[in-house]
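S.K.: Need coordinates for the below:
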Amino acid sequence: MEVAFKGLVIAVCGVLAVLGNPVIRAFLRRIDPPRPSSEPTLLDAGTKLPGGRWIGVLERVGTYVCLVAGFPAGLAFILGVKGLGRYPELRNGDDPRLGELFIIGTFASMLWAAGFAGVALGVIRLW
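M.R.: Numbers count the residues shown, from 1 in each chain. Got it, this is the predicted structure:
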């Protein structure tokens, strides 16, 4: 029974960690100050960095799994792959703010997943 409960906690927190896109997008909308229409907003970055939603989902899965499995060094791998994968777009882009938007979105996404990993580990340890 105890193993089933732990598995359920890990599964539920994992699903909540992965489904963070609406919360993260709401956070980005809230912190992004109004800009002239020529400057991109945090949410406009998705048009210049396509695939961001799927990358974010995979990033949160990787973050959650690494932390729950006790492999925090895997976070460096996730950040490295994501940064190297986006480097050409960030480097060649005509908008200097794009890098800032990329970093804010990445950290918000990883913190969301890390929070649920912490909840899962905390509940399991208390049980």
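
S.K.: Would you indicate which residues of the one helix or strand residue 103 maps to are buried?
M.R.: Residue 103 is part of helix 97-126, with elements assigned from DSSP states H and E. Across helix 97-126, burial judged by 16 or more other C-beta atoms under 10 Å covers 98-99, 101-102, 104-106, 108-110, 112-117, 120-121, 123-124. Placement of C-beta: from N, CA and C, glycine included.

S.K.: So which elements touch the host helix or strand of residue 77?
M.R.: Assigned by DSSP H and E, residue 77 belongs to helix 74-92. If you count contacts as 3 or more C-beta pairs under 8 Å, 6 or more residues apart in numbering; DSSP states H and E, helix 74-92 packs onto helix 52-68, helix 97-126.

S.K.: I'd like those helices laid out as TSV, including mean pLDDT and distance to residue 26.
M.R.: What follows is the helices and strands packed on helix 74-92, written out as TSV (pLDDT from 0 to 100; distance: least, C-beta to C-beta, whole Å):
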stretch	mean pLDDT	distance to residue 26
helix 52-68	91	14
helix 97-126	89	10
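
S.K.: Between the ones you listed, which one is closest to residue 24.
M.R.: helix 97-126 (4.9 Å; C-beta to C-beta).

S.K.: Good, we can wrap up now.
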